[in-house]
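Asks: Model the structure of this input:
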Amino acid sequence: MIDDDAILRAKLNSDTGQLDWPELERHFARGVVIRVAAGVDLLDVALAMARDDAATLRDWLANGRVAHAGAAEASLWHAAGSRFWAVVVAPWVLVQEVAGHPSHRPN
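Replies: Okay, here's the model as predicted:
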C-alpha cells in the first residue's frame, strides 16, 4: 500500500520543472521565492512545506539550507542568466539552481 507521503511526493515531482531567471523574476517580485541550497533535495523541502513540518523547516532555515530569496541573490541570478528546478507549494515557489548550468555556483 502506498502511503500519503509517497502520493504527495509523486504529485510534487510531477509538478517540478525548470525555469530560467526571466520566468522566475515575476515570482521574485511578488516575494514568494524560496531558495533551496545545493545538496538539499528540493522534493524533501516541498514535502515538508506541504505537510507543515515546522521542526524540519526551522532546522533548514536556521542553517541556511532553505531561505527566502533576497535582492543580492536575484541580482546574481539576473546577471548570470540562471536556470532553476522549481516547484510550487502555494503560495511559495521553491527553487534550486540547476547543477551544471553555466551560471550555477555552489552555495
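
Asks: tally of neighbours for Arg30?
Replies: Neighbours of Arg30 under the rule other C-beta atoms under 10 Å: 10. The way it works is simple: take the backbone N, C-alpha and C, and place the C-beta from them, glycine included.

Asks: Pull the distance from the helix or strand of the chain with the lowest mean pLDDT to the chain's centre.
Replies: The weakest-scoring helix or strand in the chain, judged by mean pLDDT, DSSP states H and E, is helix 4-14 (a mean of 91). Remark: helix 4-14 is offset 16 Å from the chain centroid, using C-alpha atoms, centre = their mean, to the nearest Å.

Asks: for stretch 67-82, same thing?
Replies: How far stretch 67-82 lies from its chain's middle: 13 Å, per C-alpha atoms, centre = their mean.

Asks: again with stretch 17-36
Replies: Distance, centroid of stretch 17-36 to centroid of chain: 9 Å (C-alpha atoms, centre = their mean).

Asks: going forward can the numbers begin at 57, since that is how I track them
Replies: With the count now opening at 57, the last piece we talked about shows up as stretch 73-92.

Asks: Would you mind extracting the C-alpha trace of the one helix or strand Asp100 maps to into PDB?
Replies: Secondary-structure assignment from DSSP states H and E places Asp100 in helix 98-106. Coordinates of each C-alpha in helix 98-106 appear next as PDB, following Å, rounded to 0.1, in the frame of the first residue of the first chain:
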ATOM      1  CA  LEU A  98      14.000  20.000  -3.500                       C
ATOM      2  CA  LEU A  99      11.200  17.500  -3.100                       C
ATOM      3  CA  ASP A 100      12.100  16.900   0.600                       C
ATOM      4  CA  VAL A 101      11.600  20.600   1.200                       C
ATOM      5  CA  ALA A 102       8.400  20.800  -0.800                       C
ATOM      6  CA  LEU A 103       7.000  17.800   1.100                       C
ATOM      7  CA  ALA A 104       8.000  19.400   4.400                       C
ATOM      8  CA  MET A 105       6.300  22.600   3.400                       C
ATOM      9  CA  ALA A 106       3.100  20.800   2.200                       C
END
